[in-house]
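Peer 1: Give me coordinates for this.
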Amino acid sequence: MIKKLLVLASSIFTLLASPGISNAQVRYDIFNIPDTVCTDHEIEPYDIVEGAQSYNWSFCPPNLSEFPTGGNQGPFAYFNNPTSFRLVKYNSTLMGFYVNSDGYFYKMRYEDGITGSPSHVKELGKVATTGRGIYPVYSGTKWHVFVIGGGEWNTSNLMRLDFENGLLQDATNVTSFGNFDSLLVGTNQLVVAQDNDKNWYGFTVNRNAELIRFEFGTNLESRPYITNLGTLHDNLKDVTSFELIKELDNWHLYITNKEESAVKRISFGNSFLNPIYVINYATLGTTVARPVGISITRDCDKYYGWVLSEGNSNLVGLVWNNSIADTPVATNLGNFIGIRKAQTLSNTVRENGGLYMLSANAIDQSISLIEYKPCDFATPAFKDQRLPPTFKYSEPGYYNVILTVDEGLPTVTTECQSIYVYPHPAITINTRDTVVCQNDTIRVQVMVFNVDSILWMPDYNIDTTVGHSVNIWPQQQTDYHYTIYFDRDCVVRKPLNVNVSKISADAGPDRTMSDGSSTALGGPNTSIVEGYDYKWTPLIGLTGGEWEPFTTAKPPYSITYYLEVSNDRGCYAIDSVSITVPCDNVTLPNAFTPGSSNSGANTFKLLNSQFSKINSFKVYDRWGKVVFETTDPNAGWDGTTDGKDAPFGVYVWEVDANCANTFERIIRTGNVTLIR
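Peer 2: Got it, this is the predicted structure:
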């Protein structure tokens, strides 16, 4: 009789409180943004709530009212009919915890995101002969993982694992609490949360279909006190999943009953110690068939939920338009993700701007992914840190900005603020991403009307940083930006990327060389790039190619050569090399080999190019006999005398000639070796 009166009193309390709860769903005030901006205006949120365990920003969020996408990710080797599956964000790493029906429980990481395969799978232990529930929770100083299971009085157990060094490391302590005088025999599912009074509580359901409450006090690591809250009028038969939601200060525990094919809500009011009120939503219009999992989150001004059914392997979508205490609208979403006899459903997790859940399948022990993808008009589209970078929209329209804190926890809180984005006035620039020749200057003009000011950055090789027109002459690749101030909520920042084409010509060092000698032209600083053009001028005395970066020459007199380098960008460089060739000596080889196949070495002849007149060119043998004589500057001795081959040896030559430019007379003698 006492229990019935308590339930009746709770019913009256809830009915009276419901209108107030619904009216309170206007805003959590966990962040603020302007309500109107123009396209490309960089938006910075402010007044952001502090102290949450996780932050998930979505600047172009998915529409949870639409059908999700996803697919089967294949069998998972470590699954053995998991009965409970929870996801948490540890720093920036997504972690998964689950317990199998055989009592073994595991943790794993999603290092490549939830759409990838889990890695670093580690068995954490065995809770009992059967596993029934797992729940990771952060106490404010460290992480704990609670696990429950067991089918008989001597095998039922509640365990707690403590992670002093974070979830990526091994547990530093494991505590088994046993079955608490058989109250935990045949338990199913588990949830742990901190109430408004700062005390910690937990809930499970035992084999007798009784709701069991754990009371830890303010220290989550203490041994809990156990209270049997009864069967709640037989509403707890064959419970297969829990989802705890805190709306404002009121607690609601959603459960699924597999045997009844029902979804129910257990409401505690503003304290877990309050009398309990139960609402049975039954099959929600026959959409639910033997449910095994439920997951709920808040998005903008609505709550969204999903129920996974074993009976038909379908996913049912739920929408609460006002309060989580209202009756949800149910929609059968079907089996679009390859569910193969549904086993359990994870909680929701937000990642990369989308919302995701995972289903464990009994037939092939596989994982199915349920995903709601974000839109792609925001840059960036999402962030998972408290203070995100600025974001902007490329297309006009109405957008929702969502901040969700404590995703996947009972204290999950979401605020959604709408923002109207209008198109900014047309902006035209007289150049796009620009290639500038080194040392050149370009003039950039921004053509736009009704602006307050235009500022340029950086202040590097630019004639002014204010105004519509600037002259720039960067010496290296530079990313300039011009910021156009239309008004406070329409500040547009645009990039101007300027690449510098560094083109260099190096004809080589100036030099002095003897008349008739050859030399190489071209230096190491010439830009050697495929597709560049090279040209040497003048052609006088060139003995190598005129279109190559390096060539050779035999200048007939003092001359300056020019190397021109150009590319298809219109960039151009030129360099010169001065060759001084004085007419002050006679140039002859010191040896030659008559009959050699080398035409340059088989005749003994003058190499000079500047002689205008050869008065005499004579060759003497060792006895002073003239063996060769000519006044022809192009004639040479072929190594014969009197029609016979001259013998091997050293011969003396004598030259008497006049320079072409100076008319200076040059008389020289020397030796040459004839080699046979």
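
Peer 1: The residue nearest to Asn179 when sequence neighbours are not counted: neighbour count?
Peer 2: Nearest residue to Asn179 in three dimensions, chain neighbours excluded: Ser156, at 3.9 Å (CB to CB, 6 or more residues apart in numbering). Placement of C-beta: from N, CA and C, glycine included. Using other CB atoms under 10 Å, Ser156 is surrounded by 26 other residues.

Peer 1: need the contact list for Ser156.
Peer 2: Counting by CB atoms under 8 Å, 6 or more residues apart in numbering, Ser156 makes contact with Ala128, Gly149, Gly150, Gly178, Asn179, Ser182, Leu184, Val185, Gly186, Thr187.

Peer 1: Now do the fourth one: how many residues are near it, please.
Peer 2: Right, Gly178. 14.

Peer 1: domains of this protein?
Peer 2: Each domain of the chain is listed here as a residue range: 2-30+62-373, 428-496, 511-580, 591-674, per automatic domain parsing.

Peer 1: Next, format those domains as TSV and append mean pLDDT.
Peer 2: Shown next, in TSV, are these (pLDDT from 0 to 100):
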stretch	mean pLDDT
domain 2-30+62-373	88
domain 428-496	92
domain 511-580	93
domain 591-674	91
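
Peer 1: Can you say which of those domains is packed in most?
Peer 2: Highest mean neighbour count among the domains of the chain (mean count of other CB atoms under 10 Å): domain 2-30+62-373, with a mean of 19.

Peer 1: returning to what we had before: can I get the contacts of Ser156 in TSV including secondary structure and distance to Asp656?
Peer 2: Output for those, formatted as TSV (DSSP: H, G, I helix; E, B strand; the rest coil; distance: CB to CB, whole Å):
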residue	secondary structure	distance to Asp656
Ala128	coil	120
Gly149	strand	119
Gly150	coil	123
Gly178	strand	125
Asn179	coil	127
Ser182	coil	132
Leu184	coil	126
Val185	coil	130
Gly186	coil	128
Thr187	coil	124
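
Peer 1: Find the residue closest to Thr431 in space, skipping its chain neighbours.
Peer 2: Thr431's closest residue in space is Val444 (CB to CB, 6+ apart), at 5.8 Å.

Peer 1: do you know how far the one you found is from Cys38?
Peer 2: For Val444, the distance to Cys38 equals 22 Å [CB to CB, to the nearest Å].

Peer 1: Show me where the stretch 201-350 of the chain has its helices.
Peer 2: Using DSSP state H, counting those that start in this stretch, the stretch 201-350 of the chain contains no helices.

Peer 1: ugh, typo on my part, it should be the chain
Peer 2: Along the chain, counting by DSSP state H, helices occupy 2-23.

Peer 1: How about the contacts made by Leu236?
Peer 2: Neighbours of Leu236 in contact, by CB under 8 Å, 6+ apart: Val205, Ala209, Glu210, Leu211, Ile255, Asn257.

Peer 1: Quick one: residues contacting the residue nearest to Pro62 when sequence neighbours are not counted.
Peer 2: Nearest non-adjacent residue to Pro62, counting by CB to CB, 6+ apart: Tyr372, 3.7 Å away. Tyr372 is in contact with Pro62, Asn63, Leu64, Glu66, Pro68, Thr69, Gly354, Leu355, Tyr356, counting by CB under 8 Å, 6+ apart.
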